[in-house]
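Trainee: Quick one, what's the 3D model for this:
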Amino acid sequence: MMRTVREEGVPAGERHVDDPAIADMACEGHLPQGFGSADTVEALAGWRALGLVTSSDLVKRSLARATALRQRGSSAFTRIWTEQATASAAWEDSLVAAGTLPPSLLAGLPIAIKDNCDARGDITQAGSPALSHAAPAVRDATCVARLRSAGAVIIGKTNMSEFAFANTGENREFGTPRNPCAPDRLVGGSSSGSAASVAEGSVVAALGTDTGGSIRGPAALCGLVGFKPSEGRVPGQGVTPLSTTFDTIGPIARSIESCAIIDAVLTDAPWRLLSELPLRGLSFGVPTNVVLDDLDPEVAADFNATLKYLSDAGATVLEFSWPEIEPGVWRDAYPVISHSETYAVHGRLVEECLADFDAEVARIILSGASVSARDRSEALNLRESMVNASHDRMARFHAVLMPTVPILAPRISDLANEDQAKRIEFLIGRNNEIANFFDCCAATMPCQAQDQLPVGLLVIAKNGEDRRVLSMAKAIEIAIREMRNL
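Mentor: Numbering: from 1, shown residues only. Next comes the predicted model:
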């Protein structure tokens, strides 16, 4: 049975909807207005700078939408912090009234954070009942602290797969979020609630984590933009780890520029508008092996149409073979590294509270106990050699393109069949995991035909090329928009 959202550990005053206006809006027969595709970070920051909207306006709208959807069964959020968010919005508006320059374009905008990120005074549950009685965090995670310093108004925490394991986004304890684009279908995981909260219009953007596609999979299946930064680009202090080697922290939003704005905040760097790159002269590689296998017809059609348009617009699109990504060696090394690291952090908790864990999650974590230090060292050395070979192979292109997820968002009912569930779990992660194992940064953006289920296009480059990936992704995003408007 699904548990109702816990309220223990919520900061004082955050347990109920205290603002009568928000409560009234949430209880009205119609659903309060949410944020749509045009409500990007850059657009709303512009409206706020012109004095056409206040932070309080935006946050009240966000809280009303999130509360109403939660009352109607949405499991996108595990916490909604009404009083805290309302006060933060009022503070941001008072700074504007006093003539204070906003610290970032995020200032005053409502966003959400994944529930594996520490927020001072709140329990970090990481999607698991095993942490229901953990002590509240004494300080914000570094990424959360940077969002607050930038003036972002955090609405609450979002649901996720238990300990960030399931690519499907399934969570039997707190509910499996439904895809706002098609409520009978999955969001994907593990940043399921973060993607759902943006796609359902409750927030402008959300924070996710990505160890094997956990930002990009849900973003793609929900028709959103997601960015997985390079390893180590965003500090992981205060974020419940899955794998200290592969974990990354990044945004889910409605545009590439929005992701770049949030990335600048998370990396504590000055924001600069992304370079306007012309497609003519850019060279994109498309692997012919593995990533194009088992594509749904709709995914294949949208991907091929996008490649053709990019080529027609002057980009060079070249097919190539990428032997390192063939199944086998790297897929054997991946869990050796990640499961041993997960066990080192969470193994004792699983052994002591086994009954509180999903059986499959417990099995995976405990499997790390059998990994020796030698096994892990050999796997890391193997990874290094394969990464070097892959980066050399990618060097002939400005970026590599592939479908983010080879299938359309699966139906939630498909998880009832064990074989189907395993296939879905594998396929949602298959292409995305390449960027994690082979030490790349990557951005996904929607490329589907109008009024069709979402399909994501993945843009990948090697570690450290984050700004270049975002700039190229923005150029592609503009081209896709032009193509779809023809």
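Trainee: May I have the secondary structure class of Leu106?
Mentor: Each residue gets one of three states, and Leu106 gets coil by DSSP: H, G, I helix; E, B strand; the rest coil.
Trainee: Need phi/psi at it.
Mentor: The main-chain torsion angles of Leu106 are listed as degrees, to the nearest 10 and equal phi -80, psi -10.
Trainee: tally of neighbours for it?
Mentor: Leu106 is flanked by 27 other residues according to other C-beta atoms under 10 Å. Where C-beta positions appear, they are placed from N, C-alpha and C, glycine not excepted.
Trainee: Quick check: it touching Val265?
Mentor: Yes: Leu106 sits in contact with Val265 when judged by C-beta atoms under 8 Å, with a separation of 5.8 Å.
Trainee: Next, show the common contact partners of those two.
Mentor: Leu147, Ala150, Ala152 (C-beta atoms under 8 Å, 6 or more residues apart in numbering).
Trainee: So which of these wins on neighbours?
Mentor: When neighbours are counted as other C-beta under 10 Å, the busiest of the shared contacts of Leu106 and Val265 turns out to be Ala152, with 29 neighbours.
Trainee: pLDDT score assigned to that residue?
Mentor: Confidence per residue is given as pLDDT, and for Ala152 that number is 98.
Trainee: Grab the nearest non-local neighbour of it.
Mentor: The shortest distance from Ala152 to any non-neighbouring residue, by C-beta to C-beta, 6 or more residues apart in numbering, is to Leu106 (4.4 Å).
Trainee: so which of the shared contacts of Leu106 and Val265 comes closest to Asn159?
Mentor: Each of those was checked against Asn159 using C-beta to C-beta; the closest is Leu147, at 18.8 Å.
Trainee: Distance of the closest residue to Val405 other than its chain neighbours relative to Leu453?
Mentor: Spatial nearest neighbour of Val405, excluding adjacent residues (C-beta to C-beta, 6+ apart): Ala220 at 5.0 Å. Distance, Ala220 to Leu453, using C-beta to C-beta, to the nearest Å: 11 Å.
Trainee: Looking at those two, which one has more neighbours?
Mentor: Remark: of Ala220 and Leu453, Ala220 carries more neighbours, 32 against 18, as counted by other C-beta under 10 Å.
Trainee: Which residue ranges of the protein form helices?
Mentor: With DSSP state H, the ranges of helices along the chain come out as 20-27, 41-49, 55-71, 82-97, 142-149, 192-199, 216-221, 256-266, 297-312, 329-352, 359-367, 373-394, 418-437, 466-484.
Trainee: Worst mean pLDDT among those helices?
Mentor: Per-stretch mean pLDDT for these is lowest at helix 20-27 (a mean of 48).
Trainee: re the thing from before, go ahead and confirm the residue nearest to Val405 touches Thr444.
Mentor: Yes: taking contacts as C-beta under 8 Å, Ala220 lies within contact range of Thr444: 4.9 Å.
Trainee: Now do the shared contacts for these two.
Mentor: In contact with both Ala220 and Thr444: Gly226, Thr404, Gly456, Leu458, using C-beta under 8 Å, 6+ apart.
Trainee: ok, now which ones touch the second one?
Mentor: Contact partners of Thr404, counting by C-beta under 8 Å, 6+ apart, are Arg216, Gly217, Ala219, Ala220, Asn431, Asn432, Thr444, Val455, Gly456, Leu457, Leu458.
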